[in-house]
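[1] this is a predicted model, with the sequence first.
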Amino acid sequence: MDKISIAIDGPAAAGKSTIAKMVANNLNYTYIDTGAMYRCVAYYAFIHQVDFHDEEGVCNLLKDIKINMLPGGIIMLNNQDVSMAIRENEVSMGASIVSGYSRVRSFLVSQQRDMAKGGGVILDGRDIGTVVLPDAELKIYQVASIECRAIRRHKENLERGIDSDLEEIKKEIAERDHADMTREISPLKKADDAIEIDTSDMSLDEVVATVMDLVSQKLG
Ligand SMILES: Nc1ncnc2c1ncn2[C@@H]1O[C@H](COP(=O)(O)OP(=O)(O)O)[C@@H](O)[C@H]1O
Ligand SMILES: Nc1ccn([C@@H]2O[C@H](COP(=O)(O)OP(=O)(O)O)[C@@H](O)[C@H]2O)c(=O)n1
C-alpha cells in the first residue's frame, strides 16, 4: 500500500494534534485539524454576537464561512489568520456547543472528506474513525488522564500567552468531554477497530514511535 488515511480521535488535550502533526511531518502526509474547523464556526458566531445556543442563528452563518488550512498549521477564516484567536477558552466551549448541530457537522464533514480524498492524510478530532473516515486504514483512540490533560493544556496556554487557571481548565475539559461523549450526533467514542493509546505516562517521542510502528505495519 502506498499512502494510507489515519484517523486520531480522543478527548480534549490528549495530544492528538501534536502527534498528528509530528507523524504527518515524518510521513510527508497532509494534516487536517478538524477541531479547528468547529472552533472557526464558534469564533465566527462569537464575533458576530450570535449566541452559541442559538442553533438557527449559528447555522445561518455557515454560508458566510470559508475555512482554509495553510501549511504550518495556519488556520484561515475568510482570508484572516485566526490560528491563535480560536484557541481561547470561550471559543473551545463554543465549539463544543455548535458541534452538536447537525447542519454544522454536515457542513464541515463534507469538507473534511473532500480534503481527505486520495489518502496520505492524517485527521484528528472526535468522529474521524466513526463518521468522517470509517474506512481509514489506521484508527487511533488517544487518551490520557484528566489531570495530565489539564496540566498539559494549562502549560500550553501559558506558553501561548493565554490566561489560564489549572482548576478552571480541568473543569472546562471535563465538561467538554462530557458534552462531546453524550451528544446525539456523532458522539466521541472509540471506533470498534481503533487502537487505544494512553499517553499519560508517555513522552511525545514515545507516542510518535508507537504510531509510526502501527503505520509501518499497515504499509506492510
Ligand atoms: N505525550 C505527551 N507528553 C507531554 N506533553 C504532551 C504529550 N502529548 C501532548 N502533549 C502536550 O499537551 C498539549 C495538548 O496537546 P494537543 O496536541 O493540543 O491535544 P489535542 O489535540 O488532543 O487537544 C500540547 O501542549 C502538547 O505539546
Ligand atoms: N471532529 C471533531 C473535532 C472537534 N469537535 C468539537 O470541537 C471542539 C474543539 O475540538 P479540538 O480538537 O480543537 O479541541 P481540543 O482537543 O484541542 O481541546 C471539541 O470539544 C468538539 O466539541 C467535534 O465535534 N468533532
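    Looks like it arrived, so ask away. Numbering: from 1, shown residues only. Ligands and ions are numbered 1, 2, ... in the order given.
[2] so what's Cys59 up against?
    Counting by C-beta atoms under 8 Å, 6 or more residues apart in numbering, Cys59 touches Tyr101, Arg103, Val104. The way it works is simple: take the backbone N, C-alpha and C, and place the C-beta from them, glycine included.
[3] any chance of those residues in JSON lines, plus pLDDT, neighbour count and secondary structure?
    Output for the contacts of Cys59, formatted as JSON lines (pLDDT from 0 to 100; neighbours: other C-beta atoms under 10 Å; DSSP: H, G, I helix; E, B strand; the rest coil):
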{"residue": "Tyr101", "pLDDT": "98", "neighbour count": "19", "secondary structure": "coil"}
{"residue": "Arg103", "pLDDT": "98", "neighbour count": "14", "secondary structure": "helix"}
{"residue": "Val104", "pLDDT": "98", "neighbour count": "25", "secondary structure": "helix"}
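[4] now, which of these sits nearest Gly72?
    Val104 (26.1 Å; C-beta to C-beta).
[5] distance of the closest one relative to ligand 1?
    Separation of Val104 from ligand 1 (C-beta to the nearest ligand atom, to the nearest Å) stands at 19 Å.
[6] show the pLDDT at the closest residue to that residue other than its chain neighbours.
    The spatially closest residue to Val104, leaving aside those adjacent along the chain, is Val98, at 5.2 Å (C-beta to C-beta, 6 or more residues apart in numbering). Predicted confidence (pLDDT) for Val98: 98.
[7] thinking again about what came up before, for the contacts of Cys59, which one is nearest ligand 2?
    Val104 (8.8 Å; C-beta to the nearest ligand atom).
[8] looks like that closest one contacts Val58 (just checking).
    Yes: using C-beta atoms under 8 Å, Val104 makes contact with Val58 at a distance of 6.7 Å.
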